[in-house]
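Novice: dropping the sequence and predicted coords here.
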Amino acid sequence: MEHRLNPFKASPKGYQAMAALENFVASCGLERPLLELVKMRASQINGCAYCLDMHSKDARALGESEQRLYLLNAWRETPFYTERERAALEWTEAVTLVAENHVSDEVYQAVARHFSEEELANLTLAIATINSWNRLSISFRIEAGSYRSSLPPRTATA
């Protein structure tokens, strides 16, 4: 697959706007490991190799276990995720696939039990942001593999 163009060089102001949103998401108060799981799950659904590479590396740097990363696609069938993470992953799937099923009241009620209104708004912004990054990376065939996490390494979690 051949790289098409660098959208960030082609539209620097567009990149600045996306980066500002990403910076907000990173500092919105949601747990960084949770955000990495959400970014990974949306990127799995969308098939974004560049973002999967990036967020798996960042998740590992934050101490995420290989087992949880490998099983993320089947999170419903494993005991390895907290109830809060499960709610966030279900919300991620519903928001990412909004054109297929919209977002049901049941999913909203399930996630609202684990997140405050502000957290839920911020979680939704995080999901919207990663979906936008996915669409840019996929559309312009941004090559996976070169990303290096700038996060300091931590020990793995169970």
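Specialist: Noted; the coordinates are in hand.
Novice: which helices and strands sit right next to the helix or strand of the chain with the lowest mean pLDDT?
Specialist: Least confident element among the helices and strands of the chain, by mean pLDDT, DSSP states H and E: helix 7-10 (a mean of 82). Counting contacts by 3 or more Cβ pairs under 8 Å, 6 or more residues apart in numbering; DSSP states H and E, helix 7-10 packs against helix 12-26. Every C-beta, even on glycine, is put in place using the N, C-alpha and C of the backbone.
Novice: can you pull the contacts of Ala112?
Specialist: Contacts for Ala112 (Cβ atoms under 8 Å, 6 or more residues apart in numbering) come out as Leu120.
Novice: and the angle for the strand or helix carrying Ile45 with helix 12-26?
Specialist: Assessed by DSSP states H and E, Ile45 sits inside helix 32-46. Comparing the axes of helix 32-46 and helix 12-26 via axes from the mean of the first three to the mean of the last three Cα atoms, to 10 degrees yields an angle of 130 degrees.
Novice: and for helix 32-46, what are the contacting residues?
Specialist: Outside helix 32-46, the residues within contact range by Cβ under 8 Å, 6+ apart are 25-26, 51-52, 55-56, 58-59, 62-64, 68-69, 72-73, 75, 81, 84-85, 88-89, 92-93, 96-97, 123, 126-127, 130-131, 134-135, 138, 157.
Novice: so what does the helix or strand just after that helix touch, helix or strand wise?
Specialist: Going down the chain from helix 32-46, the next helix or strand is helix 49-61, by DSSP H and E. Applying 3+ Cβ pairs under 8 Å, 6+ apart, we find helix 49-61 packed against helix 32-46, helix 66-70, helix 117-139.
Novice: Asn101 against Ala94, yeah?
Specialist: Yes: Asn101 is within contact range of Ala94, at 7.0 Å (criterion: Cβ atoms under 8 Å).
Novice: more neighbours: these two, which one.
Specialist: Ala94 (20 against 10; other Cβ atoms under 10 Å).
Novice: contacts only, for that one.
Specialist: 101, 103-104, 107.
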